[in-house]
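*Asks:* quick check, what structure comes out for this input:
(one chain, ligands or ions: 1)
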Amino acid sequence: MIRFDGAGKRHPDGTIAVAGLDLTVPAGQTTVLVGPSGCGKTTILRMVNRMVEPTSGRVLLDGTDVAQLEAAKLRRGIGYVIQQAGLFPHRRVLDNIATVPYLLGWDRKRARARAMELLELVGLAPETAKRYPFQLSGGQQQRVGVARALAADPPLLLMDEPFSAVDPVVRAGLQEELLRLQGELNKTVLFVTHDIEEAVRLGDQIVVLREHGEIGQVADPATLLSAPADELVAAFLGRDRGLRGLGLRPAAGIALVPHTLPFEGWTLSVDADGRPTGWRGPDAAAATGTTADTAADTETIRQVAVYRPGTDTLRTALDSAVLSPARAAVAVDAAGRVVGLAPRAAVLDALDAAGPQAPALTDGISEVNGAGAPTGAPGIAADPAGNSGAGHGR
Ligand SMILES: Nc1ncnc2c1ncn2[C@@H]1O[C@H](COP(=O)(O)OP(=O)(O)OP(=O)(O)O)[C@@H](O)[C@H]1O
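*Replies:* So this is what the prediction gives:
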């Protein structure tokens, strides 16, 4: 557990990076610090491993003031992942991963065996071990960065925008991988991002920060999205926080109808294994065998958006229904085989059954969301990088 006890940082030039933070980061969970650029996220993270020394207050690690610990030793016990991985360019991947075990005096064989284990854990092929960082993609480098941070099995991981330099698809994959790893390892993770979408996906606890590291709200993702503490936090969360909230609710339990019958005039085609291959429209069906292929083509939609009732969220189900020409979401099993259709009305019924997700907004908040940025909102702006992503939630 980490406890910030009035921890602040004032730089010699007078800049107040963090005014004085009181925050508990629980053990075995992921706490995400989110907030606009310059609000002090990195400073807060680095006060933990003493890359930044607080000028006021204390940071306690399992009850001990980190200022009393030898900095190098402290850092060897903390995994640290940064943007663009920060790998040593002249060292092969294997030796990059084994950095801390070497520093801890492990013999070469043991350190390398451990590094090979981690390579597999983060989903990289064994042959990657011999490569140099420049021979890897950005996403692969980030995976190596995570493996390196985990090498000596530290109980604590500090992650400073670790996935922000990769494209959205790779980023979603890395986030999923971190969730999987965290499910197995239960580390105490302190994660910095400026992307609220990422925060909601990864955090057990989210800390929304304002200027000078002032806390706007500390809450779990569902509470944050449904009950922002004030209009500044609501503005930071953005206008589609209701939809994001659906990304936290399971899609199980939506009433399905058979996909073998036409629905609203559209027929779902499947391949020999039962996987969807397209929607055939009413005109295409009528035209079959009588007109040229081009007529059929114009009435066939080959992209089928699906959802998996067992693992996906209401947001993905709603997405599937919205994208369907038949106005029905396509439910598939883990192998991608169609198990039925969820008519749009049934998806909406499931939203109702899940209960109201946002309490009535105060007038102030409604104004913020309806009319753009609130007046007098220093340092807080709707996150320009926030996008709806793949919509798979957690
Ligand atoms: N060495 C320094 N001297 C003076 N001011 C500094 C120094 N380092 C950081 N700052 C200031 O402290 C504030 C907090 O910086 P910090 O890097 O913690 O913010 P951040 O929230 O991580 O920003 P970003 O999201 O842009 O990375 C900023 O205003 C920054 O300009």
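
*Asks:* any weak-confidence spans in the protein?
*Replies:* Under the criterion pLDDT under 70, the flagged ranges of the chain are 85, 283-299, 354-394.

*Asks:* ok, the closest residue to residue 102 other than its chain neighbours - contacts?
*Replies:* Distances taken as Cβ to Cβ, 6 or more residues apart in numbering put residue 111 closest to residue 102, at 5.6 Å, once the chain neighbours are dropped. Glycine gets a C-beta too; all of them are placed from N, C-alpha and C. By Cβ atoms under 8 Å, 6 or more residues apart in numbering, the contact set of residue 111 is 98, 101-102, 151.

*Asks:* residue 111 in helix, strand or coil?
*Replies:* Secondary structure, DSSP: H, G, I helix; E, B strand; the rest coil: residue 111 is helix.

*Asks:* residue in the stretch 201-350 of the chain with the shortest distance to the ligand?
*Replies:* Relative to the ligand, the nearest point of the stretch 201-350 of the chain is residue 209 (7.2 Å; Cβ to the nearest ligand atom).

*Asks:* show me the contacts of residue 111 that map onto helices.
*Replies:* 101-102 (DSSP state H).

*Asks:* out of the contacts of residue 111, who has the most neighbours?
*Replies:* residue 98 (27 neighbours; other Cβ atoms under 10 Å).

*Asks:* how close does that one get to residue 349?
*Replies:* 54 Å (Cβ to Cβ, to the nearest Å).

*Asks:* what does residue 246 give?
*Replies:* In this view, residue 246 and residue 349 are 14 Å apart by Cβ to Cβ.

*Asks:* the two - which one has more neighbours?
*Replies:* More crowded of residue 246 and residue 349, by other Cβ under 10 Å: residue 246, with 23 against 15.

*Asks:* surely that one touches residue 315?
*Replies:* Yes: with contact defined as Cβ atoms under 8 Å, residue 246 and residue 315 form a contacting pair (3.9 Å).

*Asks:* which residues touch the residue of the stretch 201-350 of the chain closest to the ligand?
*Replies:* Counted by Cβ under 8 Å, 6+ apart, residue 209 has contacts 33-35, 39-41, 44, 215-216.

*Asks:* next helix or strand past the longest helix anywhere in the chain?
*Replies:* Ranked by residue count under DSSP H, the longest helix found in the chain is helix 168-185. The C-terminal neighbour of helix 168-185 among helices and strands, as given by DSSP states H and E, is strand 188-193.

*Asks:* now the next helix or strand after that next one, how far from the chain's geometric center?
*Replies:* Remark: after strand 188-193, the chain's next helix or strand is helix 196-202, criterion DSSP H and E. Mean-position distance between helix 196-202 and its chain equals 4 Å (Cα atoms, centre = their mean, to the nearest Å).

*Asks:* the helix or strand that helix 196-202 is followed by pairs with which strands, and in what direction?
*Replies:* The element immediately downstream of helix 196-202 (helix or strand, assigned by DSSP H and E) is strand 205-209. Paired neighbours of strand 205-209 in the sheet (DSSP bridges): strand 30-34 (parallel), strand 215-219 (antiparallel).

*Asks:* near the ligand, which residues of this protein show up?
*Replies:* Selection of the chain residues close to the ligand by Cβ under 6 Å from any ligand atom yields 11, 13, 15, 17, 37-43, 194.

*Asks:* coming back round to it: how far away is the residue of the stretch 201-350 of the chain closest to the ligand from residue 157?
*Replies:* Distance from residue 209 to residue 157, counting by Cβ to Cβ: 19 Å.

*Asks:* again with residue 113
*Replies:* 22 Å.

*Asks:* residues near the closest residue in space to residue 173 that isn't next to it in sequence, how many?
*Replies:* Leaving aside its chain neighbours, residue 173 sits nearest to residue 139 (6.9 Å; criterion: Cβ to Cβ, 6+ apart). Residues lying near residue 139 (other Cβ under 10 Å) number 19.

*Asks:* buried stuff in the one helix or strand residue 244 maps to?
*Replies:* Assessed by DSSP H and E, residue 244 sits inside helix 241-246. Under the neighbour-count criterion of 16 or more other Cβ atoms under 10 Å, helix 241-246 has 241, 243-246 buried.

*Asks:* that older thread, neighbour count: residue 113 and residue 157, which is higher?
*Replies:* Comparing residue 113 with residue 157 by other Cβ under 10 Å, the one with more neighbours is residue 157, at 23 against 13.

*Asks:* the more buried one contacts residue 192, correct?
*Replies:* No: applying Cβ under 8 Å, one finds residue 157 not in contact with residue 192, separated by 11.5 Å.

*Asks:* give me phi/psi at the closest residue to the ligand within the stretch 101-250 of the chain?
*Replies:* Closest contact between the stretch 101-250 of the chain and the ligand, by Cβ to the nearest ligand atom, is at residue 194 (5.0 Å). Dihedral pair for residue 194: phi -110, psi 10, per degrees, to the nearest 10.

*Asks:* and it, how far from residue 59?
*Replies:* 22 Å.

*Asks:* check residue 23 too.
*Replies:* Taking Cβ to Cβ, one finds residue 23 at 10 Å from residue 59.

*Asks:* between these two, what contacts are shared?
*Replies:* Shared contacts of residue 23 and residue 59 (Cβ under 8 Å, 6+ apart): 3-4.

*Asks:* the more surrounded of these two?
*Replies:* Neighbour totals were compared for residue 23 and residue 59, and residue 59 leads with 25 against 20 (other Cβ under 10 Å).

*Asks:* ok, and what's touching the helix or strand containing that one?
*Replies:* Assessed by DSSP H and E, residue 59 sits inside strand 56-61. With Cβ under 8 Å, 6+ apart as the test, strand 56-61 has contacts from 1-10, 20-21, 47-48, 65-67, 69, 74, 156.

*Asks:* change it to 10 Å
*Replies:* Contact partners of strand 56-61, identified using Cβ atoms under 10 Å, 6 or more residues apart in numbering, comprise 1-10, 18-25, 44, 47-50, 52-53, 64-69, 74, 77-78, 155-156, 188.

*Asks:* buried among those? Need that as a selection in ChimeraX.
*Replies:* This is the ChimeraX syntax for the buried subset of those, where burial follows 16+ other Cβ under 10 Å:
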select :2,3,4,5,7,8,9,10,18,19,20,21,23,25,44,47,48,49,50,52,66,74,77,78,155,156,188
